[in-house]
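Visitor: here is a sequence with its predicted model. Questions after.
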Amino acid sequence: MSINVKQLAAEKAVEYVQDGMKVGLGTGSTAYWAIRKLGERVSEGLKITAVATSQASEDQARELGIPLVAFGDVDSLDLTIDGADELDGALQLIKGGGGALLREKIVAMGSTRMIVVADESKAVTTLGKFPLPVEIVPFAWEWTVADLAKLGCKPELRRSAGELYKTDNGNYIADCRFEAIDSAADLALALQRIPGVVEHGLFIGIADMAVIGKNDGTIEIIEGESNL
Ligand SMILES: O=C[C@H](O)[C@H](O)[C@H](O)COP(=O)(O)O
């Protein structure tokens, strides 16, 4: 039987959740396992409250009986556990493969700590093989896509079942193929200067720790400077 490395990483990360914490729930097939494990711990008596980064994660949490709170009722979170599409050794991430990057960034930045959960295929030395998801407003999207192309990528509007994909916030996603991103920080600044860009999937200086599940059944933990 093959090991589920996503589950392995996600369940390890859930060990960092303690009684009384306010927790951010990530999105995607790895975060799914973390939410599932949290639900199990809640049913065994763990006392937490949570906010979710997508409708799908909110629905999953509700089904598992994880107490959800409105954003207006909490001013910050203790810990967010979320997946990534790519991560490097400096804990820089590409996120948004599932389209949830805006909500994920709001939640992660409102958390004291963020733990990234991933299988080893997501760990890279240079970010960029995975097309960078950029959330853009539908208004004048053609101009925004042209501005993105000027940054040296091949942007492609995401589609789902033939239709233009819309995020939970009603925006489009442009998947930007860079192949290699030399400076994630410079690129993030350039993206922020494009008016039609709502948010981009580069998470820099946000994650505090990565828990990476490996195919041999072991777990690698990368800690950021703030945790050393
Ligand atoms: O928008 C989606 C998120 O950023 C996900 O956390 C990311 O795409 C990783 O998803 P998965 O764990 O399914 O590979």
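Guide: Cool, the structure landed. Everything quoted here is computed from the prediction, not taken from an experiment.

Visitor: name the helices or strands packed onto the strand ranked longest in the chain?
Guide: Assignment by DSSP state E gives strand 111-119 as the longest strand of the chain. Under the contact criterion of 3 or more C-beta pairs under 8 Å, 6 or more residues apart in numbering; DSSP states H and E, strand 111-119 touches helix 5-14, helix 31-43, strand 77-82, strand 209-213. In this view, the C-beta of every residue, glycine as well, is placed from N, C-alpha and C.

Visitor: swap in 6 Å and give it another go.
Guide: Contact analysis of strand 111-119 by 3 or more C-beta pairs under 6 Å, 6 or more residues apart in numbering; DSSP states H and E lists helix 5-14, strand 77-82, strand 209-213 as its packing neighbours.

Visitor: which residues are in contact with the shortest one?
Guide: With contacts defined as C-beta atoms under 6 Å, 6 or more residues apart in numbering, strand 209-213 is touched by 5, 8-9, 12-13, 87, 115-120, 123, 219-223.

Visitor: then it to PDB, C-alphas only?
Guide: What follows is strand 209-213 as a C-alpha-only set of coordinates in PDB (Å, rounded to 0.1, in the frame of the first residue of the first chain):
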ATOM      1  CA  MET A 209       7.400  26.500   8.900                       C
ATOM      2  CA  ALA A 210       7.000  23.800   6.200                       C
ATOM      3  CA  VAL A 211       6.100  20.200   6.900                       C
ATOM      4  CA  ILE A 212       7.000  18.100   3.900                       C
ATOM      5  CA  GLY A 213       5.900  14.500   3.600                       C
END
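
Visitor: who's I81 bridged to?
Guide: Judged by DSSP bridges, the bridge partners of I81 are L25, I115.

Visitor: returning to what we had before: who's in contact with the longest strand of the chain?
Guide: Contacts of strand 111-119 (C-beta under 6 Å, 6+ apart): 5-6, 9-10, 13, 24, 30, 34, 77-81, 83-84, 87, 108, 206-213.

Visitor: okay, the helix or strand following it in CSV with CA atoms only?
Guide: Downstream of strand 111-119, the first helix or strand assigned by DSSP states H and E is strand 132-136. Output of strand 132-136 as CSV, limited to C-alpha atoms (Å, rounded to 0.1, in the frame of the first residue of the first chain):
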residue,chain,number,x,y,z
LEU,A,132,2.0,31.7,-10.9
PRO,A,133,-1.7,32.3,-10.3
VAL,A,134,-2.6,36.0,-10.3
GLU,A,135,-6.2,37.1,-9.3
ILE,A,136,-7.4,39.9,-11.6
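
Visitor: would a markdown table of the helices and strands packed on strand 111-119 with mean neighbour count, mean pLDDT and distance to S160 be doable?
Guide: Shown next, in a markdown table, are the helices and strands packed on strand 111-119 (neighbours: other C-beta atoms under 10 Å; pLDDT from 0 to 100; distance: least, C-beta to C-beta, whole Å):
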| stretch | mean neighbour count | mean pLDDT | distance to S160 |
| --- | --- | --- | --- |
| helix 5-14 | 24 | 98 | 22 |
| strand 77-82 | 25 | 98 | 21 |
| strand 209-213 | 24 | 98 | 28 |
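
Visitor: which element, helix or strand, includes A50?
Guide: Element membership for A50, per DSSP H and E: strand 49-52.

Visitor: what lies in contact with that strand?
Guide: Counting by C-beta under 6 Å, 6+ apart, K22, V23, G24, L25, E58, A61, I66, P67, L68, V69 sit against strand 49-52.

Visitor: give me the number of residues near K150?
Guide: Per other C-beta atoms under 10 Å, the neighbour tally for K150 reads 10.

Visitor: where's it relative to the ligand, distance?
Guide: 25 Å (C-beta to the nearest ligand atom, to the nearest Å).
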